[in-house]
Structure formats: structure tokens, C-alpha cells
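K.L.:
any chance you could fold what I've pasted below:
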Amino acid sequence: MLQEYREDIEKKIEDFLNGVSDKELLDKDDFIWFDSILGKFVYLLRYNEFHLGELAQILRNMDGEKLKW
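P.N.:
Have a look, this model is predicted:
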């Protein structure tokens, strides 16, 4: 189930990135915190990176399997 969800999301992201232009990425975002859609994407990538690091630390603390980067 999770694997199917991951594959679905991966496909949606790939389709979006293949179909969006540089100009569209630099367009103003609807949120006041971001100058552009690209700025929001960079923020979200860093946000995910931070939380993946937290999850990796929890796994290490529990002697779980380490994440492959």
C-alpha cells in the first residue's frame, strides 16, 4: 500500500516537473511567505530533509535499519 502511494506521488511529481516552465516556477506563489513557486518547493525539500533526518535518528536510537541516502 505504501509502495503504491509512493509510486503514485513520484509519477505526479515527475509529470508536474516535466510540464512546468521556468517562468511558471518563478511566478508569484499564493502564500505570502514565498516569493515564487520555486521558493516554496525549495522550502518544502528542506522541510522534508529535516524530518527525514529526525526519523533516521529515531531509527538509530531504536537500533533499527539505517536509511539509505
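
K.L.:
where does this structure have low pLDDT?
P.N.:
65-69 (pLDDT under 70).

K.L.:
which residues of it fall in helices?
P.N.:
Secondary structure of the chain (DSSP state H): helices at 2-19, 22-26, 37-61.

K.L.:
need the winner for burial among those.
P.N.:
Greatest average neighbour count among the helices of the chain goes to helix 37-61 (a mean of 12), per mean count of other CB atoms under 10 Å. For the C-beta atoms, the positions are set from N, CA and C on the backbone; glycine is no exception.

K.L.:
and residue 34, how many neighbours?
P.N.:
16 (other CB atoms under 10 Å).

K.L.:
quick one: residues contacting it.
P.N.:
Residues near residue 34 by CB atoms under 8 Å, 6 or more residues apart in numbering: 40, 43.

K.L.:
from residue 63, how far out is it?
P.N.:
39 Å (CB to CB, to the nearest Å).

K.L.:
most remote residue from the middle of the protein, which is it?
P.N.:
Relative to the centre of the chain, the most outlying C-alpha is that of residue 63, 26.2 Å out, by CA atoms, centre = their mean.

K.L.:
separation between it and residue 18?
P.N.:
Relative to residue 18, and taking CB to CB, residue 63 is found at 41 Å.
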